[in-house]
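K.L.:
I would like the atomic coordinates for the input below:
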Amino acid sequence: MTLPKPPSFYIKRNITITTSGVCSDVSLRCALDAMGANRVMFSVDYPFEKTAVASRFIREARVSQTERAQVASENAKQILRMIDPIGNENAHCSSHHRAQLGREISVANADYAYRNSALNP
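P.N.:
Got it, this is the predicted structure:
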C-alpha cells in the first residue's frame, strides 16, 4: 500500500509533542523546526520537574513571541477545543463546561501559587 503523502505529513497533522522534562533551547528549537510551532506544547513533568524552573525556561526561551504564545497556550486551547480555528475562544464549550474548566484552572493556579510560595518551603 502506498500512502498518498509522505509519513511526515500524517505525523505533523496528528501528533503533538510536549516540552515535559526538557528545559533546553536546542531541544525546543529542534522540536519547533521538526514539527512546526502549532504541534509543540509546553508542559511540566511534575513532580519530577520543578514548575518554577520550567516556567522560567519557557518565559526566557530563545524563540519568537509568536512561537512562545503558541507553545505556552494557544496550541493547548486549540487541541482542547477551547478555541476554534478562526479564534473564537471556548467555541466548542457549553457554559457548564466553561464554568467547570474555569474552576479547574483556578484550582491549578492556586496549587501552582502555593507550591511556589514562601508558605511551601
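K.L.:
how many neighbours does residue 65 have?
P.N.:
Counted with other Cβ atoms under 10 Å, the neighbours of residue 65 add up to 7. (C-beta placed from N, C-alpha, C; glycine too.)
K.L.:
quick one: it and residue 14, what's the gap?
P.N.:
Per Cβ to Cβ, to the nearest Å, residue 65 is found 27 Å from residue 14.
K.L.:
How about residue 23?
P.N.:
Noted for residue 23: a distance of 26 Å to residue 14, by Cβ to Cβ.
K.L.:
More neighbours: those two, which one.
P.N.:
residue 23 (19 against 8).
K.L.:
give the contact list for that one.
P.N.:
Each residue near residue 23 by Cβ atoms under 8 Å, 6 or more residues apart in numbering is listed here: 49, 53-54, 57.
K.L.:
Most neighbours among those, which one is it?
P.N.:
residue 54 leads the contacts of residue 23 on contacts (other Cβ under 10 Å) with 20 neighbours.
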